[in-house]
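In: Okay, sequence plus prediction incoming.
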Amino acid sequence: MIREYFSSVFGHSVLKLLGVGGYNIYMLTLAEFQAFEKRIEKLLRSLENRCTNFGMKERWLDNQEVKQLLRISPRTLQSYRDKGILPFSKLGGKFFYRASDVEKLLEQNLSVQP
């Protein structure tokens, strides 16, 4: 599959050197490798854009994830909700928190020791 991809990208300049232990080794010129690298970067950017535009732009965390991240008890998390310290969304009896709100809470309580 890789060889077919390389061949479609670079034509017949791809040279299969040897196959060892189930692995094939191919030789490319520096220019061919750089062209391949640019195509991969373009594909990754395209994939990243699709994922961002397709799904939610922000990650939501459930109770368990927030408790683990902040190393707090269920009661402390409930207290954060009750006091408005940590914004939340409730759906079907389950609580969700924006990852950015959790990060903001940590940053607001950041202390620098002298």
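Out: Noted; the coordinates are in hand.

In: Could you use CA atoms for every contact and neighbour count after this?
Out: Will do.

In: ok, and the closest non-adjacent residue to residue 62?
Out: Once flanking residues are discounted, residue 62 sits nearest to residue 96: 4.6 Å by CA to CA, 6 or more residues apart in numbering.

In: Give the next helix or strand downstream of the helix or strand hosting that neighbour.
Out: Using DSSP states H and E, residue 96 sits in strand 94-98. The first helix or strand that comes after strand 94-98 along the chain, using DSSP H and E, is helix 99-108.

In: That following helix versus strand 94-98: what angle between them?
Out: Helix 99-108 and strand 94-98 are oriented at 60 degrees to each other (axes from the mean of the first three to the mean of the last three CA atoms, to 10 degrees).

In: If you count contacts, what does helix 99-108 end up packed against?
Out: Packed against helix 99-108 by the contact rule (3 or more CA pairs under 8 Å, 6 or more residues apart in numbering; DSSP states H and E) you find no helix or strand.

In: next one: it to chain centre, how far?
Out: For helix 99-108, the gap between its own C-alpha mean and the chain's C-alpha mean amounts to 19 Å (CA atoms, centre = their mean, to the nearest Å).

In: Now do the helices in the chain.
Out: Listed in chain order, the helices of the chain (DSSP state H) span 2-10, 30-54, 63-70, 74-82, 99-108.

In: where does this protein have low pLDDT?
Out: 1-22, 50-57, 114 (pLDDT under 70).

In: In it, which residue is most central in space?
Out: Geometric centre of the chain, nearest residue: residue 48, 9.0 Å, by CA atoms, centre = their mean.
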